[in-house]
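J.: Generate a structure from the sequence data that follows.
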Amino acid sequence: MKNRHNFEFSPKTMLVFLTIICILLLSVSAVLKDAVKPLSAVAETVVIPMQDGINSFGVWVGDHAGSFKSMKELKKENAKLNEKVRELTQENETLSTNEKELNNLQKLLKIDKAYSQYKKVGARVISKGSGNWYNTFVINKGSKDGIKVNMNVIADGGLVGIVTETGRTYAKVCSIINDSSSVSAKSSQAGDTCVVQGNSESVQKDGTIDVTYISKDADMKEGEELITSHISSKYLEGIKIGTVSKISTDSSNLTKSAKVTPFVDFQHIEDVLVITQLKEVPADSDRLKDKSGGNKSIVQIFLFPPFV
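T.: A predicted model of the protein is given here:
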């Protein structure tokens, strides 16, 4: 098989070649003036203008020769630029993640200082129940980290909930917005006691949960803060819960009800603190126990809710 050779001429080579042809034609025209007048006319009409054009093109090519690059080089540079963009994008995402984690840590540090009287263990949420709200969730710390059932869980803002189950490397938490949750609370100013009860339907509707068992003579006002009370059997005293609103008298005329907007954002929980101190309740502190041994009356149930 014969090898084919591809010959390529650069613009400068082509310019030199055409210039030589023009010079030869002009020389022949000068020697044979009369015999080659038609050829001279052709040279003046066609070749000379062509030479001017070629000269101009050659000058332009010479001026811009340094700016021309092969397609291969352009592709290589484009690939390098794309890789640089990818690296910068990744670095930006890493910086954003680090900034977010730093903000979370700063919030936890702030709440850690707010409840410095309690020892705590930091934990991260690794899963949660269905839906957009953190009714129940799982954290990445368990019994090997000292986590026990009934330990209180807090986050940015205040009370989150309570530990309900532990494994060696994990623990389950029931939040105060869960329908099964009840927390003994009191108003931070007047000191009126009440019970904060979870209400998943209400929290999804307007971000509030229920407040019940408020005495009809209570001085609790809308806008007051609720905190955990000293009479709770599970929750440590003085942990912030939320702000009171919509106080109303119940149909029984014996108690009042209200709503509370939790301080914690229960749609966005990533990091929490578990208070490792359990609430200590004396064995004889059950104020619901009927000393006569009989059943509690309806009035007792209304006025004295169970320890929660």
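J.: which stretches of the stretch 1-150 of the chain form strands?
T.: Per DSSP state E, counting those that start in this stretch, the stretch 1-150 of the chain carries strands over the ranges 120-128, 136-139.
J.: Check which helices and strands the last one sits against.
T.: Meaning strand 136-139. strand 120-128, strand 171-175 (3 or more C-beta pairs under 8 Å, 6 or more residues apart in numbering; DSSP states H and E). From N, CA and C alone the C-beta is placed, and that goes for glycine too.
J.: In stretch 264-282, which of the residues would be classed as buried?
T.: Neighbour-count burial for stretch 264-282, counted by 16 or more other C-beta atoms under 10 Å, picks out 264, 266, 269, 271-275, 279.
J.: With stretch 225-240 instead?
T.: Buried positions in stretch 225-240, judged by neighbour count with 16+ other C-beta under 10 Å: 225-229, 231-232, 234-236, 239-240.
J.: mind checking the longest helix of this structure?
T.: The longest helix of the chain (DSSP state H) is helix 71-114.
J.: what mean pLDDT does it have?
T.: Taken as a whole, helix 71-114 has a mean pLDDT of 74.
J.: Counting by contacts, list what it packs against.
T.: strand 152-155, strand 271-275.
J.: domains of the protein?
T.: Following automatic domain parsing, one gets these domains for the chain: 11-60, 118-280+296-303.
J.: Most tightly packed of those?
T.: domain 118-280+296-303 (a mean of 18; mean count of other C-beta atoms under 10 Å).
J.: rewinding a little: wait, which of the buried residues of stretch 225-240 is closest to residue 200?
T.: Comparing the buried residues of stretch 225-240 against residue 200 with C-beta to C-beta places residue 226 closest, at 18.8 Å.
J.: taking the mean pLDDT, what do you get for the strand or helix carrying that closest one?
T.: Assigned by DSSP states H and E, residue 226 falls within strand 225-228. Strand 225-228 carries an average pLDDT of 96.
J.: Could you list every helix and strand in contact with it?
T.: strand 182-187, strand 240-249.
J.: low-confidence ranges in the stretch 201-308 of the chain?
T.: For the stretch 201-308 of the chain, applying pLDDT under 70 flags the ranges 282-308.
J.: again, 80 this time
T.: In the predicted model, the stretch 201-308 of the chain carries pLDDT under 80 at residues 281-308.
J.: which stretches of it form helices?
T.: Using DSSP state H, counting those that start in this stretch, the helices found in the stretch 201-308 of the chain span residues 298-303.
J.: out of the helices and strands packed on strand 136-139, which comes closest to residue 216?
T.: The closest of the helices and strands packed on strand 136-139 to residue 216 is strand 171-175. By C-beta to C-beta, the value is 29.6 Å.
J.: Listing partners with orientation, what would you give for the closest one?
T.: Strand 171-175 pairs in its sheet with strand 136-139 (antiparallel), strand 158-166 (antiparallel), by DSSP bridges.
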